[in-house]
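1. Fold the following, please.
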Amino acid sequence: MITEFKEREAINLLKKLKKKTCVCYSGGKDSLVALDLSIKSGISDVVFCDTTIEFQQTLDNIEEIEYFYGINITRVSAPRPFFDLVYDMGFPTRALRWCCKVYKFSPFEEYARKNGIQAYITGLRKEENSKRKSYKMDDKNHFFNSNQINPILNWSEDDIWTYIHKYNLPSNPLYDLGFKRIGCWPCPFKSREEWKLIEKNFPKKYVLLQKTLKNILKDCEGIGIRDLNDFITNFKWAGYMRPQNTELKGKIEVSSKMTMIHLQNFEQLERVKNVIPILSKDFEVVRNSIIIKKKLRRQSVKILTEKAINCVGCGACVALCDSLRLRERHLIVDKETCTSCSRCIKTDKMRGACIKRNFSPFRYTVASCQDKLIETKDILLNPSSRVGLIRTRKSLEIIEEKFKIIAEIKKTNELLIINNKEFKAFAYKSKGLVEIKFCPKNDNLEKVMNYYRKIMA
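-> Numbering: from 1, shown residues only. Sure thing, here's the model as predicted:
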């Protein structure tokens, strides 16, 4: 049979490996076959990543597999549970898929680094995804430093089930309920049929999902959402790209001899101070400012500063470097071991070099001296004031037209000053776009910025 040929091919590949390897077991049928082939090849190191959103049947299957093979499976996980972190990050969607890096890639990468794993054995198959057609049996993963071994890459689903039945392997009981794929139960890539199965078999999970989405999206009606209940019950949320609002927290100034980071308060200052040795160990703190005694690349300073003040302790970037740590959900660096390689602020491994900085619907930023600043009465550096920033392709004329009915508008030197009972805003052209800086007259900055988006919608 063709499966027997593929079985021998896979075992020969695994036996020839000279690297320290470990099997990624997920609880699904494909990783079960990859695990069985690995054990037949003499490889018994296995790791399972608990995303905190696994079905109980999957967790039970992990224990069953341990008993079946007489092995111990190592469990790894991210620092924060999924249904805690989503309130900082927004719920992942097909357009904003931040979850895999936090709950899969980073824990695996950290485990590999700490244990000298040179290659992970996976259950990836080409048939499952058109993007995998270029994959090789011995390949590289964009996020991992370790290699990725895919022994069943060319197997079909029929091959998989034939193999499982042939050797009477303990497959996940979720397949008997009608599930085609095993994994994170609230995944936005699930089909309507899969959601119906969850509603039928796991009603408490289904209710938890709806309640969480309503809490997270309650302020988004009018911004791409007409009817929130319909939006959730008909799974439209899975393809939603929520608007991202930004709050200014400080500014960066770079001269020929020094770099200065001015921040709004002591908490932000402490966060940045804990990571600034990545760029320079020669700095001092003066009031709410960090003075670095040399000229640094402005973008590097901006990325590192924003990583620090946005950090919510997801752990994604910690997996990339031995010198990075989390302390009370804040990013810190071990300055004794840090080599200033700047890998943690590069954007090739992780977009924006930070999950929160790139994906969150509400995030913090710092302006550079190249940006225009509206600092009337030191509004930017006044700890009691909050300043939001929106960049848009809408023209100043369109913004004026939309807001003139509900706000007083003054023009001065290509600057619009918009003022009503909710906020004061300054709009001006900058780098081919229009920037709008919002100063709310209460503390609810996100409400004010969403109010702007609804007016413009």
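2. Next one: residue 433 from residue 116, what distance?
-> Distance, residue 433 to residue 116, using C-beta to C-beta, to the nearest Å: 47 Å. To be clear about C-beta, it is placed using only N, CA and C from the backbone, and glycine gets the same treatment.
3. Can you give me the buried ones in stretch 346-362?
-> For stretch 346-362, the neighbour count (16 or more other C-beta atoms under 10 Å) marks 349-350, 352-362 as buried.
4. what about the helices in the stretch 51-200 of the chain?
-> 56-69, 82-89, 99-100, 106-115, 157-166, 192-201 (DSSP state H, counting those that start in this stretch).
5. Go through the ones you listed and name the closest to residue 247.
-> helix 82-89 (13.9 Å; C-beta to C-beta).
6. Just give me how far the closest one sits from the chain centre.
-> 11 Å (C-alpha atoms, centre = their mean, to the nearest Å).
7. likewise stretch 340-350?
-> 15 Å.
8. can you list the buried residues of stretch 346-362 in CSV and add distance to residue 140 and pLDDT?
-> What follows is the buried residues of stretch 346-362, written out as CSV (distance: C-beta to C-beta, whole Å; pLDDT from 0 to 100):
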residue, distance to residue 140, pLDDT
349, 12, 81
350, 16, 87
352, 22, 91
353, 20, 93
354, 23, 95
355, 22, 95
356, 27, 95
357, 26, 95
358, 23, 94
359, 24, 95
360, 29, 94
361, 32, 93
362, 35, 93
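9. Present the residues you listed as JSON lines; the columns should include secondary structure and distance to residue 10.
-> Output for the buried residues of stretch 346-362, formatted as JSON lines (DSSP: H, G, I helix; E, B strand; the rest coil; distance: C-beta to C-beta, whole Å):
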{"residue": "349", "secondary structure": "coil", "distance to residue 10": "29"}
{"residue": "350", "secondary structure": "coil", "distance to residue 10": "32"}
{"residue": "352", "secondary structure": "helix", "distance to residue 10": "38"}
{"residue": "353", "secondary structure": "helix", "distance to residue 10": "37"}
{"residue": "354", "secondary structure": "coil", "distance to residue 10": "38"}
{"residue": "355", "secondary structure": "helix", "distance to residue 10": "34"}
{"residue": "356", "secondary structure": "helix", "distance to residue 10": "40"}
{"residue": "357", "secondary structure": "helix", "distance to residue 10": "41"}
{"residue": "358", "secondary structure": "helix", "distance to residue 10": "37"}
{"residue": "359", "secondary structure": "helix", "distance to residue 10": "37"}
{"residue": "360", "secondary structure": "coil", "distance to residue 10": "41"}
{"residue": "361", "secondary structure": "coil", "distance to residue 10": "44"}
{"residue": "362", "secondary structure": "strand", "distance to residue 10": "47"}
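10. so which of those residues would you say is closest to residue 82?
-> residue 355 (12.9 Å).
11. didn't the closest one look like it was pressed against residue 315?
-> No. Residue 355 is beyond contact range of residue 315, at 9.2 Å (criterion: C-beta atoms under 8 Å).
12. any common contacting residues for the two?
-> Shared contacts of residue 355 and residue 315 (C-beta atoms under 8 Å, 6 or more residues apart in numbering): residue 102.
13. The buried residues of stretch 346-362: which two are farthest apart?
-> Applying C-beta to C-beta across the buried residues of stretch 346-362, the maximum distance is between 349 and 362, 24.0 Å.
14. most centrally placed residue in this protein?
-> Residue closest to the mean C-alpha point of the chain, counted by C-alpha atoms, centre = their mean, is residue 98 at 3.1 Å.
15. what's the strand or helix carrying residue 326 packed up against?
-> Per DSSP states H and E, residue 326 falls inside strand 324-327. Where contact means 3 or more C-beta pairs under 8 Å, 6 or more residues apart in numbering; DSSP states H and E, strand 324-327 is packed against strand 330-333.
16. Parallel or antiparallel, list what pairs with the strand it packs on.
-> Strand 330-333 pairs in its sheet with strand 324-327 (antiparallel), by DSSP bridges.
17. Contacts made by the strand it pairs with with the rest, please.
-> In contact with strand 324-327 (C-beta under 8 Å, 6+ apart) are residues 79, 274, 313, 315, 317, 318, 331, 332, 333, 334, 344.
18. Now that strand: buried residues?
-> For strand 324-327, by 16+ other C-beta under 10 Å, it's 324, 326.
19. Stretch 438-457 too?
-> 438, 439, 440, 445, 448, 449, 450, 451, 452, 453.
20. Then stretch 56-71?
-> Buried residues in stretch 56-71 (16+ other C-beta under 10 Å): 57, 58, 61, 62, 64, 65, 68, 69, 71.
21. Just the closest of these to residue 220, please.
-> Once C-beta to C-beta is applied, the member of those that ends up nearest residue 220 is residue 58, at 31.8 Å.
22. Which residue is the nearest non-sequential neighbour of residue 50?
-> residue 77 (4.5 Å; C-beta to C-beta, 6 or more residues apart in numbering).
23. Report the residue ranges of every domain in the chain.
-> 2-177, 192-239, 244-371, 377-457 (automatic domain parsing).
24. distance between the ends of the shortest one?
-> Between the start and the finish of domain 192-239 there is a gap of 13 Å, counting by C-alpha to C-alpha, to the nearest Å.
25. tell me the mean pLDDT over that domain?
-> For domain 192-239, mean pLDDT is 95.
26. roughly how far out does that domain sit from the chain middle?
-> Worked out by C-alpha atoms, centre = their mean, domain 192-239 lies 20 Å from the chain centre.
27. Wait, residue 121 touches residue 13, no?
-> No. Between residue 121 and residue 13 there is no contact, the gap being 9.7 Å when judged by C-beta under 8 Å.
28. Mutual contacts of these two, please.
-> What both residue 121 and residue 13 touch, as defined by C-beta under 8 Å, 6+ apart, is the set 149, 151.
29. what about those two, which has more around it?
-> Neighbours per residue (other C-beta atoms under 10 Å) separate residue 121 from residue 13, with residue 121 holding more: 29 against 18.
30. Model confidence for the more buried one, exactly?
-> Value listed for residue 121 in the pLDDT field: 96.
31. Roughly how far does it sit from residue 20?
-> From residue 121 to residue 20 the distance is 11 Å (C-beta to C-beta).
32. what does residue 299 give?
-> For residue 299, the distance to residue 20 - C-beta to C-beta - is 37 Å.
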